[in-house]
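S.K.: coordinates only, no sequence provided:
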């Protein structure tokens, strides 16, 4: 009787866990694609993969092709904030008027200042449209004149 009972528990637990779906990767990845500037010619075709944490604020970190580690905090942008230091970059990356038509006034916007351990500096902005399953889109610039398209 003890043998049947001791085998029954693992079999029952196995059956229960087989019905539980796997936990999705909760750390979203962001991709910085060079659009304009010296990075595109220095590292052609190189996309920087970043990892972000948090829901209402958090951090963003990535490694540059040169090996430099970069990290910064991101925070939400208030919906009523009308300005953006990267408005021209939005329009360059996504098309003329994109910032005003899509990003400005969006309910979910964020920004980050990111610093590298070898003095690189980045400004990054992103937003998500309110439509269901809308992707996160953004732009980033660095201190040496690169402009990046940011996707998720």
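M.R.: On my side now, so go ahead. Small disclaimer: the values here were computed from a predicted structure and weren't measured. Residues are numbered from 1 along each chain as shown.
S.K.: contacts for the helix or strand containing residue 35, please.
M.R.: In this assignment (DSSP states H and E), residue 35 forms part of strand 29-36. If you take CB atoms under 8 Å, 6 or more residues apart in numbering as the criterion, strand 29-36 is touched by 40, 43, 46-52, 60, 62, 92-93, 126, 136, 138, 140, 146-152. The C-beta positions use only the backbone N, C-alpha and C, and glycine is treated the same way.
S.K.: tell me where this protein has strands.
M.R.: For the chain, applying DSSP state E gives strands covering 29-36, 48-52, 58-63, 69-76, 108-116, 121-128, 136-142, 147-151.
S.K.: distance to residue 99, mean neighbour count and mean pLDDT added to those, as CSV?
M.R.: Shown next, in CSV, are those (distance: least, CB to CB, whole Å; neighbours: other CB atoms under 10 Å; pLDDT from 0 to 100):
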stretch, distance to residue 99, mean neighbour count, mean pLDDT
strand 29-36, 15, 18, 94
strand 48-52, 21, 18, 95
strand 58-63, 21, 18, 96
strand 69-76, 17, 16, 96
strand 108-116, 11, 18, 95
strand 121-128, 9, 21, 95
strand 136-142, 9, 23, 95
strand 147-151, 13, 21, 96
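S.K.: could I get these as TSV with distance to residue 83?
M.R.: Compiled in TSV, the strands of the chain are given as follows (distance: least, CB to CB, whole Å):
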stretch	distance to residue 83
strand 29-36	22
strand 48-52	23
strand 58-63	21
strand 69-76	15
strand 108-116	11
strand 121-128	11
strand 136-142	15
strand 147-151	18
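S.K.: which stretch among those strands comes nearest residue 101?
M.R.: strand 121-128 (11.9 Å; CB to CB).
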